[in-house]
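Peer 1: okay, here's the prediction I keep looking at, along with the sequence it came from:
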Amino acid sequence: MSQSPPLFAVVLAGGKGTRMRSNRAKVLHTLCGVPMVNYAIEAITPLLPEKLLVVVGHQAEKVEAILPPEAEPVLQKEQLGTGDAVRVALAAIEEEEGILLVVNGDGPLISGRTLGELVERHRAAGVGATVLVAELPDPAGLGRVAEDAGVVRIVEEREASEAEREINLVNLGLYAFELPEIRDAIEEIGADNSDGELYLTDVLEIIGRRSRAVTYRLKDLEEANLVNDRSHLARAEEILRRRILDAHMRNGVTVRDPVSTHIEAGVEIGRDTVVLPGTFLRGDTKIGADCVIGPSTDLLDTVVEDGARVEHSVGRGAHVGPEASVGPYAYLRPGTLLGPEAKVGAYCEVKNTRVGARSKVPHLSYVGDAEIGAGANLGAGTITANYDGVKKSRTSIGDGVFTGINTNLIAPVTIGEGAYLGAGSVVNKNIPPGKLAVGMPARVIRNAPGKATAESAEAEDRKRPRTETEG
């Protein structure tokens with residue numbers, strides 16, 4: 001039984017992308033949180049090529065920095081066209097026999113299924129080259145394809161005649177070549193065109209005359225959306241965003257308004273979670289089961305555990321514990337960790353702080369660089385003054401602490417377990433456990449009052465049914 005020839009893959013990612021009107025290389029632009037070039041790499045990976053090369057050129061170091069580990073960058077020192085880019089890639093392949101799959105880095109919608117079919121079509125046809133084509137109702141901006149008796153000819157639109165511009169069959173920039181054929185043909189092409197570049201498309205006629213070239217028609221025209229400008233970028237992202245939302249909904253997530261909901265590619269969401277309108281879930285965000293997220297919530301690199309709800313709020317590198325409640329209009333900054341059933345309420349900001357189980361930061365408070373124990377309750381307007389203009393210091397708040405409204409805690413300071421701070425207190429010294437302190441600066445006046453009433457109210461609050469719009 002004969003063994004199939006090895007497969008080698010090349011992604012072309014060295015160009016500037018002039019029509020993007022950007023200071024950033026085109027393939028660095030992201031769609032749903034992922035650099036454009038990485039979608040092409042992701043589509044190739046299931047084919048298990050012997051080598052997966054990425055030709056880098058413009059802003060090479062930045063492009064290399066975002067490539068996944070399975071991709072091997074090769075440098076095109078001067079951007080002399082797609083033909084020159086393939087020549088650079090061929091120099092990194094020592095093998096003499098095999099198939100070379102060439103994929104453009106600006107085609108983020110191409111699927112692994114289509115690439116696999118292209119390679120199989122090439123193997124079955126026994127030809128020197130196979131090119132992926134599509135028949136589009138509006139072929140503007142793309143190279144036109146003419147096929148005749150084993151010779152495929154591609155004409156770039158700016159160099160096409162009026163008759164050639166009427167052709168709707170277009171080149172999508174994806175090819176399968178026999179290695180010996182592409183090695184020989186690449187040395188014969190010239191730069192006698194308007195750009196003075198080496199066009200990879202010119203090899204098709206050369207190979208066609210020697211060992212035939214054929215086309216393979218794309219089945220799903222949605223994959224034909226190449227990105228050449230910002231309008232194309234938006235169109236491609238819209239398609240990818242819809243695919244991501246559909247996948248989450250098929251996996252048991254309710255998305256109330258897909259049109260206004262943006263979920264990036266790396267986000268994970270558990271079953272029976274409800275995502276409400278105007279929500280953005282980005283980066284390495286992970287949402288558990290039975291959560292309610294939104295409306296109008298923006299979470300980046302944030303973990304939300306089972307049963308929690310986050311409403312009209314922003315999270316950046318935060319961790320929301322099970323059954324916790326956030327918002328409306330809260331801001332959780334990096335390093336925030338909310339324990340089970342903790343609450344951060346309206347117009348609060350929390351940074352680099354651990355909030356213990358069932359503790360509450362209900363409204364209009366800033367808490368930074370702090371440790372809050374279990375069952376504590378911070379009154380409205382409680383502030384941790386953690387920065388003195390030179391360094392940041394921490395505040396420690398024990399279990400069961402109660403602070404009155406407009407309390408200021410001047411770090412570093414420790415509030416002992418069960419302590420009680422009167423409204424308007426300014427605390428610049430440690431408060432012993434179980435004591436009541438009041439004033440500016442706060443001074444201990446007696447033991448703290450009992451908390452039976454507060455604990456009863458909290459228990460009653462936990463009994464109330466939770467809806468999508470109420471924490």
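Peer 2: Noted; the coordinates are in hand. Note that the structure is a prediction, hence the values are computed from the model and not measured.

Peer 1: does residue 322 touch residue 307 like I think?
Peer 2: Yes - with contacts counted by C-beta atoms under 8 Å, residue 322 reaches residue 307, the gap being 5.3 Å. Quick note: C-beta positions are derived from backbone N, CA and C, even for glycine.

Peer 1: between the two, what contacts are shared?
Peer 2: Counting by C-beta atoms under 8 Å, 6 or more residues apart in numbering, the shared contacts of residue 322 and residue 307 are residue 288.

Peer 1: and the helices in the stretch 151-300 of the chain?
Peer 2: 162-165, 179-186, 202-211, 230-250 (DSSP state H, counting those that start in this stretch).

Peer 1: residues touching residue 448, list them.
Peer 2: 402, 418-420, 434-436.

Peer 1: and if you look at residue 115?
Peer 2: 43-44, 47, 101, 103, 174.

Peer 1: what's residue 426 sitting at in phi/psi?
Peer 2: Dihedral angles of residue 426 (phi, psi; degrees, to the nearest 10) stand at phi -120, psi 110.

Peer 1: how close does it sit to residue 437?
Peer 2: Distance from residue 426 to residue 437, counting by C-beta to C-beta, to the nearest Å: 10 Å.

Peer 1: and if you look at residue 45?
Peer 2: 62 Å.

Peer 1: which one of the two has more residues nearby?
Peer 2: It is residue 437, of residue 45 and residue 437, that has more neighbours when counted by other C-beta atoms under 10 Å, with 24 against 16.

Peer 1: do you know the pLDDT at that one?
Peer 2: Each residue has a pLDDT score; the one for residue 437 is 95.

Peer 1: past the strand or helix carrying it, which element shows up next along the chain?
Peer 2: Using DSSP states H and E, residue 437 sits in strand 435-438. The helix or strand immediately downstream of strand 435-438 is strand 443-447, counting by DSSP H and E.

Peer 1: can you list the strands that that next one pairs with?
Peer 2: strand 435-438 (antiparallel) (DSSP bridges).

Peer 1: for residue 302, give me its contacts.
Peer 2: Here residue 302 is in contact with 285-286, 315-320, 332 (criterion: C-beta under 8 Å, 6+ apart).

Peer 1: follow-up on the earlier one: just the buried members of the contacts of residue 448?
Peer 2: Buried members of the contacts of residue 448, counted by 16 or more other C-beta atoms under 10 Å: 402, 418-420, 435-436.

Peer 1: take the residues you listed and write them to CSV, including distance to residue 348.
Peer 2: Shown next, in CSV, are the buried ones among the contacts of residue 448 (distance: C-beta to C-beta, whole Å):
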residue, distance to residue 348
402, 17
418, 23
419, 21
420, 21
435, 26
436, 25
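
Peer 1: from the residues you listed, pick the one nearest residue 37.
Peer 2: residue 402 (54.7 Å; C-beta to C-beta).

Peer 1: for the closest one, give the beta-bridge partners.
Peer 2: residue 377, residue 420.

Peer 1: ok, now residue 59?
Peer 2: Going by DSSP bridges, residue 59 forms beta bridges with residue 57.

Peer 1: so how far is residue 37 from it?
Peer 2: Residue 59 is 12 Å from residue 37, by C-beta to C-beta.

Peer 1: same check, this time on residue 84
Peer 2: 18 Å.

Peer 1: more neighbours, the two?
Peer 2: residue 37 (29 against 23).

Peer 1: check which helices and strands the helix or strand that contains that one is in contact with.
Peer 2: Using DSSP H and E, residue 37 maps to helix 36-44. In terms of contacts (3 or more C-beta pairs under 8 Å, 6 or more residues apart in numbering; DSSP states H and E), helix 36-44 is packed against strand 7-13, strand 51-56, helix 60-66, strand 99-104, helix 112-125.

Peer 1: between those, which one is nearest to residue 363?
Peer 2: Of the helices and strands packed on helix 36-44, nearest to residue 363 by C-beta to C-beta is helix 60-66, at 40.8 Å.

Peer 1: let's see that closest one as PDB, backbone CA atoms only.
Peer 2: In PDB, the C-alpha atoms belonging to helix 60-66 read as follows (Å, rounded to 0.1, in the frame of the first residue of the first chain):
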ATOM      1  CA  ALA A  60       7.800  40.600  11.400                       C
ATOM      2  CA  GLU A  61       8.600  40.700  15.200                       C
ATOM      3  CA  LYS A  62       5.000  41.700  16.100                       C
ATOM      4  CA  VAL A  63       3.500  39.000  13.800                       C
ATOM      5  CA  GLU A  64       5.900  36.300  15.200                       C
ATOM      6  CA  ALA A  65       4.900  37.300  18.800                       C
ATOM      7  CA  ILE A  66       1.200  36.300  18.300                       C
END
